[in-house]
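Undergrad: Build me a model:
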Amino acid sequence: MTLDFHTNKKLLEEVAIIPSKRLRNKIAGFSTHLMKRIQKGPVRGISLKLQEEERERRMDFVPDVSAINTDHIEVDKETLEMLHSLGISDIPGITKVDPVAVQPSFLFTRRNKDFKA
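TA: So this is what the prediction gives:
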């Protein structure tokens, strides 16, 4: 198959037995459309050898540093108590930290425009 409708139409005429001219033109048009989409990038539902190799290459990639780094895990008091109640508080690398309160950056409303922090 090619990117040219007329070439695809002639190719279908030689290769396949299609009962009507209208159906042959529809098949040629759709195949031309798909070929143009495949040229632009991967198409859902169509698996080509090049696309499979690209997908395998992406899946085989191993990062230098793991995204899940469990050497040092900071948990708050409640989480540590929960781990203790489950009997798994002796996991290495867990350290207790105090939660830090976040102060809102926008402190006034319509009623309280003169509020000073």
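Undergrad: going forward, measure contacts and count neighbours with C-alpha atoms only.
TA: Noted.
Undergrad: Show residues contacting the least confident helix or strand in the chain by mean pLDDT.
TA: Scoring the helices and strands of the chain by mean pLDDT, DSSP states H and E places helix 49-59 at the bottom, with a mean of 79. By Cα atoms under 8 Å, 6 or more residues apart in numbering, the residues outside helix 49-59 that reach it are residue 42.
Undergrad: On the C-terminal side of it, identify the next helix or strand.
TA: Along the chain past helix 49-59, the next helix or strand (assigned with DSSP states H and E) turns out to be strand 73-75.
Undergrad: which other helices and strands contact that next one?
TA: Applying 3 or more Cα pairs under 8 Å, 6 or more residues apart in numbering; DSSP states H and E, one finds that strand 73-75 contacts strand 94-96.
Undergrad: residues of the lengthiest helix in the chain that come out buried?
TA: As assigned by DSSP state H, the longest helix anywhere in the chain is helix 21-40. Buried residues in helix 21-40, counted by 16 or more other Cα atoms under 10 Å: 24, 25, 27, 28, 29, 31, 32, 34, 35, 38.
Undergrad: The closest residue in space to residue 42 that isn't next to it in sequence: neighbour count?
TA: Closest residue in space to residue 42, ignoring its immediate chain neighbours: residue 51 at 6.7 Å, by Cα to Cα, 6 or more residues apart in numbering. Around residue 51 there are 15 other residues, counting by other Cα atoms under 10 Å.
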